[in-house]
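Peer 1: Sequence below, structure please.
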Amino acid sequence: MSSNAAAETRAASRVTIIGMILDLILGAIKTVGGVLFQSQALLVDGIHSFSDAASDVVVLGIMRVSRQAPDTAHPYGHQRFETLGTMLLGTILIAVAGALAWDNLSRLLFARDELLTPQWPVLVAALLSVVGKEWIFRYTLRVGNRINSSLLKANAWHSRTDAISSVLVVLSTVGAMMGYVWLDAVAAVAIAVIVGRIGWQFAWDSVQELVDTGLSAEDTETIRTLAESVEGVKAIHELRSRRMGHDVLLDVHLLVAADISVSEGHQIGMRVVEKIRQAYPAISDILFHVDPENDANGIKTSPDLPSRHSLRADLERAWGHWPEHTRVKLHYLGNQVTIEVFLPAGIELSDREIAAAQALPSVAHIRVWHPR
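Peer 2: Have a look, this model is predicted:
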């Protein structure tokens, strides 16, 4: 693990442990308070806090794994573990919310005579929860934004839902104490719905990432424009992206002039990578492929065309000899081969020899160069 990744893991662990301790304290206060002082809303809110503590345990374990450096088994890194953890957190929230909503909705519809009026200590517990959860929300979100962790940011918004639900407890308790006893059960159902909605968002976003959902159409078009603005790039005929944890992986096919060297094509690609990274620092890995022709719409070049070794043997048989120090450059374009022959000083090829090379299968054209 790099020093930067280790520092990020420590920061995430510190804020998560603080949040977990706070959740355990508030959960105990609210569940006990809900039972003792007759508030179903506060009881549900306390269970919500305990679910926060459980999610904190998940965050601690997943963050440590996801920030590890790439290895042989995971050459692209371990960020998917963070995605998996976020999905697990969302699933837990949905399950808890469903159970709590059903319990209180049943009580509201079929057992109204069992509804009780909350007592004033419920207000104290709820207000304490609002202050504590709002503080931990802001603290966790700040750290999550700093280290660019979707899991930590998800956990922060989980804390914010607890603060919102505690506000509902305050309002419903005041209403119940004024004679509207059913408000306590309604608030409990509303809190469960809030928790479930947040859980669904976490789970759905994680599923989108696990099925390799790419960047938005706007970002993709911006990246395409950036790449095509680099000198030497004729067009971009394929551009793919996918998310992995807090990283983005990008594959781009660059169409360049067919007659440039391999090293020039690579240099053009490196300039494209640099320009994209300046605009999108979150793109951690950019793989570029240099194409001398747009084979997406034209004739695809077959891998069965003769190799350099095979073509040299064919040329040697056609000429009856191989001029010493002769160099050959091959261009595989349009499913044919164009051959450039660079002859050393004092060596000539006859018209018959050139015609014999031109007549070889798969050869589109032959050019012969002489030194000046």
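Peer 1: So what's the residue count around Ala357?
Peer 2: 20 (other Cβ atoms under 10 Å). C-betas here are computed from N, CA, C, even on glycine.
Peer 1: Just give the nearest non-adjacent residue to it, would you?
Peer 2: Once flanking residues are discounted, Ala357 sits nearest to Ile366: 4.8 Å by Cβ to Cβ, 6 or more residues apart in numbering.
Peer 1: now the host helix or strand of Ala6: how far from the chain's centre is it?
Peer 2: Assigned by DSSP states H and E, Ala6 falls within helix 3-36. Taking the mean C-alpha point of helix 3-36 and that of its whole chain, the gap between them comes to 26 Å (Cα atoms, centre = their mean, to the nearest Å).
Peer 1: how far is the next helix or strand after that helix from where the chain is centred?
Peer 2: Using DSSP H and E, the helix or strand that follows helix 3-36 in sequence is helix 40-66. Helix 40-66 has its C-alpha centroid displaced from the chain centroid by 24 Å (Cα atoms, centre = their mean).
Peer 1: Quick one: list the elements packing against helix 40-66.
Peer 2: helix 3-36, helix 79-110, helix 121-147, helix 150-177, helix 182-210 (3 or more Cβ pairs under 8 Å, 6 or more residues apart in numbering; DSSP states H and E).
Peer 1: Skipping adjacent residues, who's closest to the residue nearest the centre of the chain in space?
Peer 2: Most central in the chain under Cα atoms, centre = their mean is Arg243, positioned 2.3 Å from the mean C-alpha point. Excluding its sequence neighbours, the residue lying closest to Arg243 (Cβ to Cβ, 6+ apart) is Glu209, at 4.7 Å.
Peer 1: how near is the one you found to Ser159?
Peer 2: 22 Å (Cβ to Cβ, to the nearest Å).
Peer 1: more neighbours, the two?
Peer 2: The neighbour comparison of Glu209 against Ser159 (other Cβ under 10 Å) goes to Ser159, with 25 against 21.
Peer 1: For that one, give me its contacts.
Peer 2: When the contact criterion is Cβ atoms under 8 Å, 6 or more residues apart in numbering, the partners of Ser159 are 19, 52, 133, 136-137, 140.
Peer 1: Distance to Tyr180 added to these, as a markdown table?
Peer 2: Output for the contacts of Ser159, formatted as a markdown table (distance: Cβ to Cβ, whole Å):
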| residue | distance to Tyr180 |
| --- | --- |
| Gly19 | 34 |
| Asp52 | 29 |
| Lys133 | 25 |
| Ile136 | 31 |
| Phe137 | 29 |
| Thr140 | 35 |
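Peer 1: from those, which has minimum pLDDT?
Peer 2: Ranked by pLDDT, the contacts of Ser159 bottom out at Asp52 (75).
Peer 1: So that one sits against Arg160, correct?
Peer 2: No. In this structure Asp52 lies outside contact range of Arg160 using Cβ atoms under 8 Å: 10.6 Å.
Peer 1: Compare the two (neighbour count), which wins?
Peer 2: Taking other Cβ under 10 Å, Asp52 and Arg160 do not tie; Asp52 has more neighbours (26 against 18).
Peer 1: in this structure, which helix or strand is least confident?
Peer 2: helix 40-66 (a mean of 74; mean pLDDT, DSSP states H and E).
Peer 1: Now do that one against helix 182-210: the angle between them, please.
Peer 2: 20 degrees (axes from the mean of the first three to the mean of the last three Cα atoms, to 10 degrees).
Peer 1: separation between the closest residue to Ala364 other than its chain neighbours and Leu360?
Peer 2: Leaving aside its sequence neighbours, Ala364 sits nearest to Gln336 (Cβ to Cβ, 6+ apart; 3.6 Å). Counting by Cβ to Cβ, the separation of Gln336 from Leu360 is 11 Å.
Peer 1: hang on, the earlier thing: pick the most deeply packed of the helices and strands packed on helix 40-66.
Peer 2: Mean neighbours per residue, mean count of other Cβ atoms under 10 Å, is largest over the helices and strands packed on helix 40-66 for helix 150-177, with a mean of 23.
Peer 1: next one: it to chain centre, how far?
Peer 2: Relative to the chain's own centre, helix 150-177 is displaced by 28 Å; criterion: Cα atoms, centre = their mean.
Peer 1: Compute the inter-axis angle for it and helix 121-147.
Peer 2: Helix 150-177 and helix 121-147 are oriented at 160 degrees to each other (the same axes, to 10 degrees).
Peer 1: so helix 150-177 versus helix 3-36, what angle?
Peer 2: Angle, helix 150-177 to helix 3-36, by the same axes, to 10 degrees: 20 degrees.
Peer 1: returning to what we had before: now the helices and strands packed on helix 40-66 as CSV including distance to Ala257?
Peer 2: Below are the helices and strands packed on helix 40-66 laid out as CSV (distance: least, Cβ to Cβ, whole Å):
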stretch, distance to Ala257
helix 3-36, 40
helix 79-110, 37
helix 121-147, 43
helix 150-177, 41
helix 182-210, 38
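Peer 1: out of those helices, nearest to Pro371?
Peer 2: Evaluated over the helices and strands packed on helix 40-66, closeness to Pro371 peaks at helix 3-36, with 54.0 Å, by Cβ to Cβ.
Peer 1: and that closest one, what does it pack onto?
Peer 2: Under the contact criterion of 3+ Cβ pairs under 8 Å, 6+ apart, helix 3-36 touches helix 40-66, helix 121-147, helix 150-177.
Peer 1: That'll do, ta.
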